[in-house]
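Here's a sequence, model it:
(2 chains)
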Amino acid sequence: MLRSFDELEPREVLALAIEVEEQNANRLTTFAELFSDYDEEVHKTFERFAGEERDHHRLLVEMWHRVFGAATPRPSLKEEDVREVVEAVDLDHGEHEIFGDFGRAQVLESVRRAEIAAVKFYERAAATARNPDLRQLYLELEQMERGHMEDLEKSSPRKTSPERG
Amino acid sequence: MSASQTSTATVPPSQLPQPKATENAPTFPPFVAGTRVDLFRLFPPLYRFVRLRWFQLAVILPNLLVFSLFILAGFVGTPVGNRNIIIVFIWILWWFLLIATLVPFGSRLWCTVCPLPFFGDWFQRRRLVAVRPGSTSGLHNVMSGLNRRWPQKLSNIWLQNIGFLTLCSFSAMLVTRPVFTASLLLGLMVLALILATVFRMRTFCNYICPISGFLSLFSMTSTLELRQRDADVCQKCKSKACRTGSENSWACFWMIYMGKLDRNNYCGLCMDCVKSCPNDNIALNLRPFAADIRLHGFDEAWKAFIMLTLAMAYSVTLLGPYGTVKDWANVTETGMWGGFLVYVGIIWVTALALVPGVFYLACRVARRLAGAEQVAMGKVFLGYAYLLVPLGLLAWIAFSIPLIFINGTYILTVLSDPFGWGWNLFGTALVKWHPLIPEYLVYLQMPLLAIAVYYVLRRGLVIGEQMFGSRSAAMRALVPVGAFCTAMMLAFLLFFAG
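Numbering: from 1, shown residues only, chains lettered A, B, ... in the order given. Okay, the predicted model is just below:
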């Protein structure tokens, strides 16, 4: 049975965020492999971002240790257990390999979209959270994702960020 | 490699993964979601059948055997076209079934059973049924061959456009000479095999096959689609096994990523993704006619121009009273090469330049009437070019109706005497040719042309609203484009009604 993000407790939210970063790294690795013979630049760009998602994952694990303690086991909450999509890099359409129209710029745009979605997600969640600890957590996650997005935009020609709500 | 990794056995239904209940799953009836009816949920045996490892072999092998018979008949049977099974079954029966039923109601179901790429697939997979897990170019299967990527500059359907135009230029020979048709089919099979040894997956189907070219375009109108059930599930999926394959499933040979597929054009309905998806998130949907409305590029737009022009050209040549045109087209019998070149030249110039040129002017006027000069002309042209897809399909169906009704009795004849050698296998070899209801055919064709105009106007409004942002602008813009399409349909009616 799918749960709504609003139903999660703070521990579960952070556990989910950790899981999301790990799975995003896996998705990016899958895309990197898929494009390995297709376009070297696209392959390397996907690999680079996969590495960055693993860094984000490590940072969130450190956050878990800081907030809940290293000895506290994380809930085994998976992305597919929650209705909403928090952050998931994906392609634009299903025919990229047929037309050969997926380049480095599209990779950056795909990752950027995912990061923007994550920023907006945590922003909305912070605005609606009643639990002050949970709200604080959402704000920290939003800040972290915003940092990811700003790092990305420094390496991308496009410079648009969601306005702070 | 363990037996479990390369299982060729049927998975018992009790062990098949059951559809997961998701928040987006329809409630009642469970197989309906918006304008889509999920056939896998409506008919669970269908779902179980396509998930069988031997599904593809089961549907392709009989067709391969039939094709082999046809090719043999083409080479050794009678040279008289209407007495040879290859001509009658391919250019009368198969063509009519393809254009009038398979495509509009089954999308690319022909590709599901097509035998042309069979040997190429077999070469690459080195298996008829089982899966070879491993790694090849980012996919989780072992593929034989060089697995080169098709050149990026040719990664479109221009080759198919030119190939189809070339074939159609010689259609009078193809549809009357068994040996030519047999050579074409055999040649395509050999070409598919050669390409499979060098390039990856269904390169032949995606970029070369002349049948695939128009199937890709007209499948946009089909009432059948294979899509992800829940886009969020695909977005969250980390394996993307629909594309990459897995240790238990083949990667998509059509190089499609199902997670974001939003139109029918290049999905060959092989059903491998239904087996691959770890989330049971692929649905086979019934949907409204002409639901896909996005053309990807100008190659597809020009395919629409070519198909519309050819429907007109064949109407003039085969159904019209112009003996000279027929003689020019039938050059191998008449020897009128000068006339043939004029005939071919007119078709090519009309298809590639004249019709697109007039349509472009109509789009320019449309944009001006919409008061939306800021919208890029390319976007307007490509947007409205889609309207020629349902238009072209229905024109082709209308054109094909006389083919089957006037020549249909030959089917019975060649069924009993496939090689034209005087056999009578089923007692129908002596059925005399007679046309079926020739005086009423126009009453079958007219409604199709009317439906075409209806869809042009209906879809044209939707497309116009998307481009120009308002219904009133879309209605004004539709006038010149709608007039163009209506004029085309009236021209068809003129030929059909005599």
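
Restrict the strand or helix carrying residue B:394 to CA atoms and write it as PDB.
Assigned by DSSP states H and E, residue B:394 falls within helix B:388-407. Provided in PDB are the C-alpha atoms of helix B:388-407 (Å, rounded to 0.1, in the frame of the first residue of the first chain):
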ATOM      1  CA  LEU B 388      -1.800  14.500 -43.100                       C
ATOM      2  CA  VAL B 389      -1.300  11.300 -41.100                       C
ATOM      3  CA  PRO B 390      -4.900  10.400 -40.500                       C
ATOM      4  CA  LEU B 391      -5.700  11.900 -43.800                       C
ATOM      5  CA  GLY B 392      -3.200   9.800 -45.600                       C
ATOM      6  CA  LEU B 393      -4.100   6.600 -43.900                       C
ATOM      7  CA  LEU B 394      -7.800   7.000 -44.600                       C
ATOM      8  CA  ALA B 395      -7.100   7.900 -48.200                       C
ATOM      9  CA  TRP B 396      -5.000   4.800 -48.500                       C
ATOM     10  CA  ILE B 397      -7.700   2.600 -47.000                       C
ATOM     11  CA  ALA B 398     -10.200   4.200 -49.500                       C
ATOM     12  CA  PHE B 399      -7.800   3.500 -52.300                       C
ATOM     13  CA  SER B 400      -7.300  -0.100 -51.200                       C
ATOM     14  CA  ILE B 401     -11.000  -1.000 -51.100                       C
ATOM     15  CA  PRO B 402     -11.200  -1.500 -54.800                       C
ATOM     16  CA  LEU B 403      -8.100  -3.600 -54.700                       C
ATOM     17  CA  ILE B 404      -9.700  -6.200 -52.500                       C
ATOM     18  CA  PHE B 405     -13.200  -6.100 -53.800                       C
ATOM     19  CA  ILE B 406     -12.300  -6.200 -57.500                       C
ATOM     20  CA  ASN B 407      -9.400  -8.700 -57.200                       C
END
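
and that helix, average pLDDT?
If you average the pLDDT over helix B:388-407, you get 95.

what's it packed up against?
Helix B:388-407 is packed against helix B:95-97, helix B:103-106, helix B:210-218, helix B:298-314, helix B:441-468, helix B:471-497, with contacts defined by 3 or more CB pairs under 8 Å, 6 or more residues apart in numbering or on different chains; DSSP states H and E. Yep, even glycine has a C-beta here, placed from its N, CA and C like the rest.

following it, which helix or strand shows up next?
helix B:409-416.

Contacts made by that next one with the rest, please.
Contact with helix B:409-416 is made by B:82-85, B:88-89, B:92-93, B:420, B:423-436, as judged by CB atoms under 8 Å, 6 or more residues apart in numbering or on different chains.

Over to stretch B:423-441?
The contact list for stretch B:423-441 (CB under 8 Å, 6+ apart) reads B:82, B:401-402, B:405-410, B:412-413, B:415-418, B:422, B:496.

Can you show me the CA trace of that stretch as CSV?
Extracted as CSV, the C-alpha positions of stretch B:423-441 are listed here (Å, rounded to 0.1, in the frame of the first residue of the first chain):
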residue,chain,number,x,y,z
TRP,B,423,-3.4,-27.7,-58.6
ASN,B,424,-6.7,-27.6,-56.8
LEU,B,425,-5.9,-28.2,-53.2
PHE,B,426,-9.1,-26.9,-51.7
GLY,B,427,-11.4,-27.0,-54.6
THR,B,428,-11.3,-23.2,-55.3
ALA,B,429,-8.8,-23.1,-58.1
LEU,B,430,-11.5,-22.8,-60.8
VAL,B,431,-13.4,-19.9,-59.1
LYS,B,432,-13.9,-17.4,-61.9
TRP,B,433,-12.7,-13.9,-61.3
HIS,B,434,-15.5,-11.5,-60.7
PRO,B,435,-15.5,-8.1,-59.0
LEU,B,436,-17.5,-7.7,-55.9
ILE,B,437,-20.1,-4.9,-55.8
PRO,B,438,-17.9,-2.6,-57.9
GLU,B,439,-20.8,-0.2,-58.4
TYR,B,440,-21.1,0.3,-54.6
LEU,B,441,-17.5,0.7,-53.7
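
what comes up buried for it?
Within stretch B:423-441, the residues scored as buried using 16 or more other CB atoms under 10 Å in any protein chain shown are B:429, B:441.

That stretch: how far from the chain's middle?
Its chain's C-alpha centre and that of stretch B:423-441 lie 29 Å apart, by CA atoms, centre = their mean, to the nearest Å.

Buried among the contacts of stretch B:423-441? Need that as a selection in PyMOL.
With 16+ other CB under 10 Å as the burial test, the buried ones among the contacts of stretch B:423-441 are selected in PyMOL as follows:
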select buried, chain B and resi 82+401+402+405+406+407+408+409+410+412+413+415+416+417+418+496
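
For chain A, list the residues in contact with chain B, please.
Remark: the part of chain A in contact with chain B comprises A:1-2, A:23, A:26-27, A:30-38, A:79-80, A:83-85, A:88, A:90-101, using CB under 8 Å from any CB of the partner chain.

ranking the helices and strands packed on helix B:388-407 by burial, who's on top?
helix B:210-218 (a mean of 25; mean count of other CB atoms under 10 Å in any protein chain shown).

helices and strands around it, which ones?
Packing contacts for helix B:210-218, counted by 3+ CB pairs under 8 Å, 6+ apart, involve helix B:103-106, helix B:109-113, helix B:158-169, helix B:298-314, helix B:388-407.

Report the inter-axis angle for the last one versus helix B:210-218.
This points to helix B:388-407. Counting by axes from the mean of the first three to the mean of the last three CA atoms, to 10 degrees, helix B:388-407 lies at 120 degrees to helix B:210-218.

quick one: average confidence on stretch B:210-222?
Per-residue pLDDT values across stretch B:210-222 average out to 96.

Show the subsequent helix or strand relative to whichever helix or strand residue B:345 is part of.
Mapping residue B:345 onto the secondary structure by DSSP H and E places it in helix B:337-349. If you walk from helix B:337-349 toward the C-terminus, the next helix or strand you reach (DSSP H and E) is helix B:355-370.
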